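Chemist: one predicted model, sequence on top.
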Amino acid sequence: MNEPQMRTPLGRVRGFGAAHTGTRHFWHQRVTSVAGIPLSLALVIIIIALLGRTHAAVVQILGSPLVAIIMLLFIINTAYHMWIGMQEIILDYVHDDKLKLLSLMANTFFVFAVGFVSAYAILKLSFGV
Amino acid sequence: MAELEAGSAAGPRRPRPLSPHLQIYKPMLTMMMSIVHRITGAALYFGMMLIAWWLIAAASGPNAYANVEWYMGSLIGRLVLFGYTWALLHHMLGGIRHLIWDTGHGFEPAEREMLTMATLVGSVSLTLILWVVGYLAMGGPL
């Protein structure tokens, strides 16, 4: 900040902050946290209902429309919520630029992998084959 | 602004003033719970692999599912699941606390201590209740 700068104050303010974005993620984290309350409770109820059941029964219940839709909503909502959350943790603690970029990328890859594996499983259970 | 310009003209930088960080403060419940909220969030992040594994195993067939059931039913599996249950509930209740704080309420000293204690007591007791219900649903602890 002490070096003389050619940039205008507006130019400096734009892209400000470690994430180079504004408050959108803050807000989306709130939205997904509110949605996460009923969805997580539903997940817990579904898991308890599936405890000790045979594989055939589990497949049938997880593939039934209501349960499958709730599970898909849980997966999508959670994936986005945890992506923002981990990004925030990375931006707070990783200060090296290269490592930061790699971590942010790894975060995206991890979330997509976990999210797609889970969503694919639910879709397969729903549509059979 | 004038100070900044004077600083840049003077040549060598003065060390910037540092704000006090964590080690300066006495550990307080609200502060510890704030850290725990982040830790449980990170744990749940990696714990989602368990959900993905469970679901893909169910979609793969009886053998893969039996495999998951065996791992989850082992002592270590149960401990991990118990921890996962607590982390999920704690993160959820902590999130509700933060949502209340987002509205600007609950910041009085007694209120915030109460909210923080409620998070802790609530997450531990809800975890125990859920596991009792779970065991009852399965017809016993074994």
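Modeler: Done, it's in. Numbers count the residues shown, from 1 in each chain, chains lettered A, B, ... in the order given.

Chemist: helix, strand, or coil at residue 121?
Modeler: Going with chain A. For residue A:121, the reduced secondary structure class is helix; criterion used: DSSP: H, G, I helix; E, B strand; the rest coil.

Chemist: what of residue A:5?
Modeler: Under three-state DSSP, residue A:5 comes out as coil.

Chemist: chain A contacts on chain B?
Modeler: Within reach of chain A by C-beta under 8 Å from any C-beta of the partner chain, chain B has these residues: B:4, B:7-8, B:13, B:38, B:41-42, B:44-45, B:48-49, B:51-52, B:55-56, B:58-59, B:61-62, B:65-66, B:85, B:88, B:92, B:95-96, B:98-99, B:102, B:130, B:133-134, B:137-139. C-beta: built from backbone N, CA, C; applies to glycine.

Chemist: where does the prediction get shaky in the chain?
Modeler: No chain specified, so I'll use chain A. Across chain A, the ranges flagged by pLDDT under 70 are A:1-4, A:7, A:11-22, A:129.

Chemist: the chain in question should be chain B.
Modeler: B:1-11, B:141-142.

Chemist: what does chain A put close to chain B?
Modeler: A:1-4, A:30, A:33-34, A:36-37, A:40, A:44, A:48-49, A:51-52, A:55-56, A:58-59, A:62, A:71, A:75, A:78-79, A:82, A:85-86, A:89, A:110, A:113-114, A:117-118, A:120-122, A:124-125.

Chemist: drop anything exposed from the residues you listed.
Modeler: A:33, A:36, A:40, A:44, A:48, A:51, A:55, A:58-59, A:62, A:71, A:75, A:78-79, A:82, A:85-86, A:89, A:110, A:114, A:117-118, A:121-122, A:124-125 (16 or more other C-beta atoms under 10 Å in any protein chain shown).

Chemist: among those, which are in helices?
Modeler: A:33, A:36, A:40, A:44, A:48, A:55, A:58-59, A:62, A:71, A:75, A:78-79, A:82, A:85-86, A:89, A:110, A:114, A:117-118, A:121-122, A:124-125 (DSSP state H).

Chemist: can you show me the helices along chain B?
Modeler: For chain B, the helices defined by DSSP H occupy B:2-9, B:29-60, B:62-73, B:75-102, B:109-138.

Chemist: return the residues in contact with whichever residue of chain A sits closest to chain B.
Modeler: Here chain A gets closest to chain B at one residue, residue A:121, 3.7 Å apart by C-beta to the nearest C-beta. Contacts here follow C-beta atoms under 8 Å, 6 or more residues apart in numbering or on different chains; on that basis residue A:121 touches B:52, B:55, B:56, B:58, B:59.

Chemist: quick one: buried ones out of the residues of chain B next to chain A?
Modeler: B:41-42, B:44-45, B:48, B:51-52, B:55-56, B:58-59, B:65, B:85, B:88, B:92, B:95-96, B:98, B:130, B:134.

Chemist: ok, residue B:36 touching residue B:97?
Modeler: No - between residue B:36 and residue B:97 there is no contact under C-beta atoms under 8 Å: 11.5 Å.
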